[in-house]
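In: Provided below are the primary sequence and the corresponding predicted coordinates.
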There are 2 protein chains.
Amino acid sequence: MDERAPIGVFDSGLGGLTAVRELRRILPGEDIVYFGDTGRVPYGSRGRDTIIQYAKQDIAFLLEQGVKYIIAACGTVSSTLPADWAAGLPVPYTGVVAPAAAAAARASRSGRIGVIGTEATVKSGSYTAAITALRPDAAVTAGACPLFVPLVENGYFAPDDPVTCLVAQDYLAGVQAAGVDTLILGCTHYPLIAPVIGRLMGPGVRLIDPGRETALTAREDLARRGLLRPDGTAGTARYYVSDSTDNFARLAGWFLGEYAGGPVTRTTVDHYPVQ
Amino acid sequence: MDERAPIGVFDSGLGGLTAVRELRRILPGEDIVYFGDTGRVPYGSRGRDTIIQYAKQDIAFLLEQGVKYIIAACGTVSSTLPADWAAGLPVPYTGVVAPAAAAAARASRSGRIGVIGTEATVKSGSYTAAITALRPDAAVTAGACPLFVPLVENGYFAPDDPVTCLVAQDYLAGVQAAGVDTLILGCTHYPLIAPVIGRLMGPGVRLIDPGRETALTAREDLARRGLLRPDGTAGTARYYVSDSTDNFARLAGWFLGEYAGGPVTRTTVDHYPVQ
């Protein structure tokens, strides 16, 4: 594998760009190819078979781009794609669940840890399994937030957006009642509404951003495998989406912050056969 | 064409079932094949090319089922699929825009008519064009409601749901300010939240249900073409969806009312070539 090859990152839509932002901070010399399945977003309210089919097609596209490493920057995919299938890929793969679970297990003082995610993520029990494997004393409370992805993808992420605040109040009641001291934002869309979530949870609750934790894990992983890009030049980013590029142009800046930029191209992935 | 063949109905998801309910009331002797693209819902926030591709694949599936007539029970598809392409289909086709626009043009006293729909529907200007063609004096005010479909598809349709009420308040401000006396629910998902919309608009505003108007149009159209099913037996309904059938089972009753029932099968349509 060529260590100058790009890192491949994918998500159901634009949420995974929060992981790209962190990757560009933490690994500024790496090239990135991003695929956002904006033609089929959201994933988290769909059934398991559909999510697995879509994820495999997204990965087929990234492999065709010659990536050296694949990051599923999507809590739903990370919770659903079978680990043994991912282990058979020709390049290393990581999701966001293991890195975020490890960070939460380290950060929590009380062991009372909350997780919010899509319906598919919560139903899978992925975060609970990963946390209790590391910290058997942990009490994990998980809550599904099915409207958060549509809200974020439709631009309802202002810190004082009344609709998002009302929905969040409802969704967070369970983790608030459980008295968690650490809350995993178990979907890469959620950092966009972290101000709303943080205000409702209060200053004593540590929020874990899966994109950031996964970027840190990717750096370690690439270093251990001798896959870090050797030269010191600044990395580039190329973006692909499965729907019109208009929405990407309109929303990407919110997710990427100061790391916006790079060409965006429309592509299709639904023709890839699923094995 | 065999008049005993079924009527084909499709939608981005489950909203089109409100049209099926009306069809079963108005044409109880007809068989119906329904396709809901639940694996790719919603359509209304996607780009034009993506919507057209999806609609053509949905239609290819229905044609394979041997339908005699096709109804796009989806405001977004009805507003986006080119009429000349649909005119080339081997069976008659109708969307929901023309029937709903005609009903609104007839119903309005003042000529001030409102339309609410998805972003794609409003951007297309389809309802405004259809209304003013029939009634040049009409003043049409259109408003996009991008969150209504995710809200309905996620079950937020109780008459007093606080989130849906808050979102509706915001979305309806424009048509309220325009003083409309008639409001087209320009998306087949919206009849599910008609109680919320009706309460906000007040009793003086007539709500037009596109599914109902389209079922009435289909009856006339089938009769004129000699395609009404001749025998007097009760019609059946078969349902197909592109995602897991679990969500269908959970939500279909809300859309279909007393007309629920009929087998539901998962299928795929994304392999159909698009011409």
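Out: Received, thanks. Worth saying up front: this structure is predicted, and the values here are computed from it rather than measured.
In: A:Ala103 and chain B, how far apart?
Out: 29 Å (Cβ to the nearest Cβ, to the nearest Å). C-beta here means a position set from N, CA and C on the backbone, and glycine is covered the same way.
In: correct me, but that residue touches A:Ile208?
Out: Yes - shown here, A:Ala103 and A:Ile208 form a contact pair, counting by Cβ atoms under 8 Å, at 5.1 Å.
In: Same drill for the two, tell me which one is more crowded.
Out: A:Ile208 (24 against 21; other Cβ atoms under 10 Å in any protein chain shown).
In: partner residues bridging the more buried one?
Out: Counting by DSSP bridges, A:Ile208 forms beta bridges with A:Ile184.
In: which stretch of helix or strand covers the closest residue to chain B within the stretch 51-200 of chain A?
Out: For the stretch 51-200 of chain A and chain B, the shortest gap (Cβ to the nearest Cβ) falls at A:Pro150, measuring 3.7 Å. Secondary structure assigned from DSSP states H and E places A:Pro150 in helix A:148-153.
In: and that helix, average pLDDT?
Out: Helix A:148-153 carries an average pLDDT of 92.
In: could you dump it to CSV, C-alpha only?
Out: Output of helix A:148-153 as CSV, limited to C-alpha atoms (Å, rounded to 0.1, in the frame of the first residue of the first chain):
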residue,chain,number,x,y,z
PHE,A,148,-31.6,15.1,14.7
VAL,A,149,-30.2,14.1,11.3
PRO,A,150,-33.1,15.6,9.2
LEU,A,151,-32.9,18.7,11.4
VAL,A,152,-29.2,19.1,10.8
GLU,A,153,-29.3,18.2,7.1
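In: elements contacting it?
Out: Judged by 3 or more Cβ pairs under 8 Å, 6 or more residues apart in numbering or on different chains; DSSP states H and E, the packing partners of helix A:148-153 are helix A:162-177.
In: Helix, strand, or coil at A:Thr141?
Out: With DSSP: H, G, I helix; E, B strand; the rest coil as the basis, A:Thr141 sits in strand.
In: Near the residue in the stretch 1-150 of chain A that chain B sits nearest to, how many other residues are there?
Out: Closest residue of the stretch 1-150 of chain A to chain B, Cβ to the nearest Cβ: A:Gly47 (2.6 Å). If you count neighbours by other Cβ under 10 Å, A:Gly47 ends up with 20.
In: I'd guessed it sits against B:Ser244; true?
Out: Yes - under the criterion of Cβ under 8 Å, A:Gly47 makes contact with B:Ser244 at 2.6 Å.
In: what's around whichever residue of the stretch 151-275 of chain A sits closest to chain B, how many residues?
Out: The stretch 151-275 of chain A approaches chain B most closely through A:Ser244 (2.6 Å), counting by Cβ to the nearest Cβ. Residues near A:Ser244, counting by other Cβ under 10 Å, number 17.
In: Just the pLDDT for it.
Out: On pLDDT, A:Ser244 comes in at 93.
In: show me what contacts the nearest residue to A:Val196 once chain neighbours are set aside?
Out: Excluding its sequence neighbours, the residue lying closest to A:Val196 (Cβ to Cβ, 6 or more residues apart in numbering or on different chains) is A:Ala168, at 5.1 Å. Applying Cβ atoms under 8 Å, 6 or more residues apart in numbering or on different chains to A:Ala168 gives the contacts A:145, A:148, A:193, A:196-197, A:200.
In: separation between the most far-flung residue of chain A relative to its centre and A:Lys68?
Out: In chain A, A:Asp231 marks the outermost C-alpha relative to the chain mean, sitting 27.6 Å out by Cα atoms, centre = their mean. Using Cβ to Cβ, to the nearest Å, A:Asp231 is found at 15 Å from A:Lys68.
In: Am I right that A:Trp85 falls within a strand?
Out: No - assessed with three-state DSSP, A:Trp85 is helix; it does not lie in a strand.
In: quick one: contacts for it?
Out: Shown in contact with A:Trp85 (Cβ under 8 Å, 6+ apart): A:Lys56.
In: rewinding a little: wait, isn't the residue of the stretch 51-200 of chain A closest to chain B in contact with B:Phe148?
Out: No - contact criterion Cβ under 8 Å: A:Pro150 and B:Phe148 do not qualify, at 10.4 Å.
In: Just the pLDDT at A:Ala260, thanks.
Out: Confidence at A:Ala260, expressed as pLDDT, is 64.
In: buried sites along stretch A:115-130?
Out: A:115-122, A:124, A:126-128, A:130 (16 or more other Cβ atoms under 10 Å in any protein chain shown).
In: Among these, which are located in helices?
Out: Applying DSSP state H to the buried residues of stretch A:115-130, the entries found in helices are A:119-122, A:124, A:126-128, A:130.
In: In terms of secondary structure, what does the helix or strand of chain A with the lowest mean pLDDT contact?
Out: Ranked by mean pLDDT, DSSP states H and E, the weakest helix or strand in chain A is helix A:245-256, scoring a mean of 85. Packing partners of helix A:245-256 (3+ Cβ pairs under 8 Å, 6+ apart): helix A:17-26, strand A:237-241, strand A:264-266.
In: Report the contact partners of A:Thr236.
Out: Residues in contact with A:Thr236, defined by Cβ under 8 Å, 6+ apart, are A:31-32, A:262.
In: would you turn those into TSV with neighbour count and secondary structure?
Out: Formatted as TSV, the contacts of A:Thr236 follow (neighbours: other Cβ atoms under 10 Å in any protein chain shown; DSSP: H, G, I helix; E, B strand; the rest coil):
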residue	neighbour count	secondary structure
A:Asp31	19	coil
A:Ile32	22	strand
A:Gly262	18	coil
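In: Out of those residues, which are close to chain B?
Out: Counting by Cβ under 8 Å from any Cβ of the partner chain, nothing from these sits close to chain B.
In: so can I have a markdown table of the residues you listed showing distance to B:Asp160?
Out: Below are those laid out as a markdown table (distance: Cβ to Cβ, whole Å):
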| residue | distance to B:Asp160 |
| --- | --- |
| A:Asp31 | 52 |
| A:Ile32 | 46 |
| A:Gly262 | 46 |
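In: Nearest to A:Leu251 among these?
Out: Nearest to A:Leu251 out of these is A:Gly262 (Cβ to Cβ; 14.5 Å).
In: right, and A:Val167 touches A:Leu151 too?
Out: Yes - the criterion here is Cβ under 8 Å, and A:Val167 meets it with A:Leu151 at 6.6 Å.
In: who in the stretch 151-275 of chain A is up against chain B?
Out: So far as Cβ under 8 Å from any Cβ goes, the stretch 151-275 of chain A lies against chain B at A:151, A:153-154, A:156, A:162-163, A:166-167, A:170, A:242-244, A:246-247, A:270-271.
In: Since that was my last question, I'll sign off now.
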